[in-house]
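Predicted model and sequence below, questions to follow.
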Amino acid sequence: MATSKVQICSNALLMLNDRTIADFSEDSDRARLAANLWDNARQFVLRAHPWNCAVTRVALAPETAAPAWDWAFSFLLPGDCLRVLGIGARGEEPDYELEGRRVLMDENVCRLRYVADVEDVAAWDSGLVQAMTFYMAHLFAYPVTGSAQRANDLLDTFSAMLRTAGGIDGQEQPMAEVGSSTFVNVRALPGAWR
């Protein structure tokens, strides 16, 4: 498995029958292209799916200044937060609103679960590495081969990998329990299905 961003980019270039790179700082068009695309591409791929290896949680303290109206507290999102997955303890999700890089709510502690910008490729699981490789190949495809069709095919493969990753990551999580509701409870009443 690739353990560095250079390896991922080199594998993506190999998929296009092109030469590899040894470092982002080398004097070649490929290395400059990889260096220019890497950070935005990494953040996009991490944000595109709640990868288990990138999910984290934190309890945030409120900022000193309250929002101008509607909410009692404002919380600044962590600098590495790419995507908010949930707020509050399980079963106790408070009302909130995202506004820019802030969470607004009436609770005085924000329990945040989010996708972090994990820069260390060695901490990634194999599905994320593969997805990133195909996404980088998609980005490299037109500049390297001049083929828009090849770029589109690689984007389709990347999209399929995200669907597969969703299934795999989902199997690693406990099954969600369906909560109680009037709709669910009424089905248990005698004669409800007549």
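Ah, there it is. Residues are numbered from 1 along each chain as shown.

tell me the domain boundaries of the protein?
Following the assignment in automatic domain parsing, the chain carries domains at 5-51+124-171, 52-116.

Same list, those, but as CSV with mean neighbour count and mean pLDDT please.
Heads up, the C-betas are built off the backbone N, CA and C, glycines and all. Formatted as CSV, the domains of the chain follow (neighbours: other Cβ atoms under 10 Å; pLDDT from 0 to 100):
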stretch, mean neighbour count, mean pLDDT
domain 5-51+124-171, 17, 94
domain 52-116, 15, 95
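
Can you give me the pLDDT of Asp117?
pLDDT, Asp117: 98.

Leaving out sequence neighbours, find the closest residue to it.
Distances taken as Cβ to Cβ, 6 or more residues apart in numbering put Asp80 closest to Asp117, at 4.4 Å, once the chain neighbours are dropped.

next one: Thr164
Sequence neighbours aside, Gly127 is the residue nearest to Thr164 in space, at 7.3 Å (criterion: Cβ to Cβ, 6+ apart).

In this protein, where's the longest helix?
Scanning the chain for the longest helix, with DSSP state H as the assignment, gives helix 148-171.

name the helices or strands packed onto it?
Helix 148-171 is packed against helix 126-145, with contacts defined by 3 or more Cβ pairs under 8 Å, 6 or more residues apart in numbering; DSSP states H and E.

what angle separates the helix it packs on from helix 148-171?
170 degrees (axes from the mean of the first three to the mean of the last three Cα atoms, to 10 degrees).

What distance do you get for Gly146 to Arg19?
Using Cβ to Cβ, to the nearest Å, we find Gly146 at a distance of 16 Å from Arg19.

Also Asp27?
13 Å.

got it, and Met161?
Relative to Arg19, and taking Cβ to Cβ, Met161 is found at 25 Å.

Over to Asp106?
Asp106 is 57 Å from Arg19, by Cβ to Cβ.

Next up, the contacts around the spatially most central residue of the chain.
Nearest residue to the geometric centre of the chain (Cα atoms, centre = their mean): Arg47, 2.6 Å. If you count contacts by Cβ atoms under 8 Å, 6 or more residues apart in numbering, Arg47 has them with Leu82, Arg83, Val115.

Recalculate using a threshold of 6 Å.
Leu82, Arg83 (Cβ atoms under 6 Å, 6 or more residues apart in numbering).

Which stretches in the chain count as strands?
Taking DSSP state E as the test, the strands found in the chain are 55-60, 73-76, 81-87, 96-99, 102-105, 110-116.

which helices and strands sit right next to the fourth one?
For strand 96-99, the elements it packs on are strand 102-105, judged by 3 or more Cβ pairs under 6 Å, 6 or more residues apart in numbering; DSSP states H and E.
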